[in-house]
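Chemist: Sharing a sequence plus its predicted fold:
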Amino acid sequence: MPTARQLARRERILETARLLAAKGGLDTLQMRDVARGAGVSLSTLYRHHASKAHLVLALMTRELERLRQELADEPPPGDGPVPRVRHVLHHIAYTWAASPPAADAMLRAYLTAGPEAEELRRAAGQTLRELLVLAMWGPENDQRPGDQAVARTLETLLVGCLAGWASERATTEELLGDLDLTTRALLSSRS
């Protein structure tokens, strides 16, 4: 179990990485700048995050875990899984749209992480799928057969739509419209 000091250090590192990624994305994010900003040695940073991809995937997982906790504390508005999942997908899309460089950094790390970062990429994907299932049925309900398949499809859709948006192949309105259409198609029969 991490100590309060270790948790505070982890939070400083991730928050510094978030701020630096928001300024210039993955290309300008430098591990030495993160270490300096978080007040840790470069060797300490590398001991916990072997690369920029590791660091950014840990940041992505933290953000998704925060959203999952918010949903556990207060379920998203809406009657049925379609509006609740739509709310969550829109929340993620708007959060990422607020900081295109940070969104691009997280997407690139998620999509291009090598085998050494696969465990972190898998953890981020699992957290995303868990919060989508939580949005579908709420914390008090058990999963229904097929929920994991639906969550994986929604994860793929969200990542693909965000990648199109980040590379300026789609507008924010198109991104949200695609998410809405597919969410309704996937979930309307599961209500």
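Modeler: Structure received.
Chemist: Just give me the neighbour total for residue 33.
Modeler: With neighbours defined by other CB atoms under 10 Å, the count for residue 33 comes to 15. Where you see a C-beta, it was placed from the backbone N, CA and C, and this is true even at glycine.
Chemist: Is residue 35 in contact with residue 48, as I believe?
Modeler: No - with contact defined as CB atoms under 8 Å, residue 35 does not reach residue 48; the gap is 10.5 Å.
Chemist: which of the two has more neighbours?
Modeler: Higher neighbour count among residue 35 and residue 48: residue 35, with 19 against 14, using other CB under 10 Å.
Chemist: Please identify the buried residues of the longest helix anywhere in the chain?
Modeler: In the chain, with assignment by DSSP state H, the single longest helix is helix 4-28. Across helix 4-28, burial judged by 16 or more other CB atoms under 10 Å covers 9-10, 13-14, 16-18, 20-22, 25-26.
Chemist: what do you get for stretch 71-88?
Modeler: Buried, per 16+ other CB under 10 Å, within stretch 71-88: 71, 75-76, 81-88.
Chemist: repeat for stretch 171-180
Modeler: 175-176, 178-179.
Chemist: Put the alpha carbons of it into CSV.
Modeler: Extracted in CSV, the C-alpha atoms of stretch 171-180 (Å, rounded to 0.1, in the frame of the first residue of the first chain):
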residue,chain,number,x,y,z
THR,A,171,-15.1,18.6,-36.3
THR,A,172,-16.2,18.5,-32.7
GLU,A,173,-19.9,18.4,-34.0
GLU,A,174,-19.1,15.5,-36.3
LEU,A,175,-17.4,13.7,-33.5
LEU,A,176,-20.4,14.1,-31.1
GLY,A,177,-22.8,13.2,-33.9
ASP,A,178,-21.0,10.0,-34.7
LEU,A,179,-20.8,9.1,-31.0
ASP,A,180,-24.5,9.7,-30.6
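Chemist: what's the offset of it from the middle of its chain?
Modeler: Per CA atoms, centre = their mean, to the nearest Å, the displacement of stretch 171-180 from the mean C-alpha position of its chain is 18 Å.
Chemist: Same question for stretch 38-48.
Modeler: With CA atoms, centre = their mean, you get 23 Å for stretch 38-48.
Chemist: Do me a favour and average the pLDDT over that stretch.
Modeler: Averaged across stretch 38-48, pLDDT comes to 95.
Chemist: Could you shift the numbering so residue one becomes 166, and keep it that way?
Modeler: In the new numbering, first residue 166, that becomes stretch 203-213.
Chemist: That stretch: which residues count as buried?
Modeler: 203, 205, 210.
Chemist: Which of those sits closest to residue 195?
Modeler: Nearest to residue 195 among the buried residues of stretch 203-213: residue 210, at 10.7 Å, using CB to CB.
Chemist: Report the contact partners of the residue nearest to residue 202 when sequence neighbours are not counted.
Modeler: Spatially, and ignoring its direct neighbours in sequence, residue 202 is nearest to residue 181 (3.9 Å; CB to CB, 6 or more residues apart in numbering). Going by CB atoms under 8 Å, 6 or more residues apart in numbering, residue 181 touches 198-199, 202-203.
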